[in-house]
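*Asks:* Predicted model and sequence follow; I will ask about them next.
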Amino acid sequence: MKERVQAFLKRRFPGMEFDFGPLDTGGRRLSGVLIWQGFEDLDVSAQQDVVWNALREEFGPETVEISTLVTMTPEQFEALRFDSLT
């Protein structure tokens with residue numbers, strides 16, 4: 001599932017970076033961070049809607065295999081990284 005979701009996100013959201021890394025869901029569900037400039041003018045709720053609507057359209061009932069997806073702009077990501085260093 002991970003590879004299919006990654007391929008879809010690359011097609012649907014050009015330039016999106018993602019990491020389906022260390023979030024532990026017991027190995028059963030996919031979790032990760034999605035970073036995309038296209039989220040720039042959207043609040044977090046709208047960012048989530050954009051992603052989840054696209055995933056549901058593509059994968060239908062299989063989306064139950066996806067757990068937490070954190071969405072942010074590159075600027076938000078950099079600010080978060082910088083804050084963690086101070």
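*Replies:* Done, it's in. Residues are numbered from 1 along each chain as shown.
*Asks:* from here on, contacts and neighbour counts on C-alpha atoms
*Replies:* Will do.
*Asks:* In this protein, where is pLDDT below threshold?
*Replies:* 22-27, 82-86 (pLDDT under 70).
*Asks:* Residue 32 and residue 6: what is the separation?
*Replies:* Distance of residue 32 to residue 6, computed by Cα to Cα, to the nearest Å: 11 Å.
*Asks:* so who does the residue positioned nearest the centre of the chain touch?
*Replies:* Nearest to the mean C-alpha position of the chain, by Cα atoms, centre = their mean, lies residue 34 at 3.1 Å. Residues counted as contacts of residue 34 (Cα atoms under 8 Å, 6 or more residues apart in numbering) are 16, 17, 18, 19, 69, 70, 71, 72.
*Asks:* list the helices and strands the lengthiest helix in the chain packs on?
*Replies:* Identified as the longest helix of the chain according to DSSP state H is helix 44-59. In terms of contacts (3 or more Cα pairs under 8 Å, 6 or more residues apart in numbering; DSSP states H and E), helix 44-59 is packed against strand 66-72.
*Asks:* Sheet partners, orientation included, of the strand it packs on?
*Replies:* Here strand 66-72 is paired, per DSSP bridges, with strand 30-35 (parallel).
*Asks:* Compute the distance from the centre of the strand it pairs with to the centre of its chain.
*Replies:* Here strand 30-35 is found 4 Å from its chain centre; the criterion is Cα atoms, centre = their mean, to the nearest Å.
*Asks:* Share the number of residues neighbouring residue 37, please.
*Replies:* Summarising burial for residue 37: neighbours were counted as other Cα atoms under 10 Å, giving 16.
*Asks:* Quick check on it: phi, psi?
*Replies:* Main-chain dihedrals, residue 37, degrees, to the nearest 10: phi -60, psi -30.
*Asks:* Surely residue 72 and residue 32 touch.
*Replies:* No - counting by Cα atoms under 8 Å, residue 32 is not a contact partner of residue 72; they are 11.4 Å apart.
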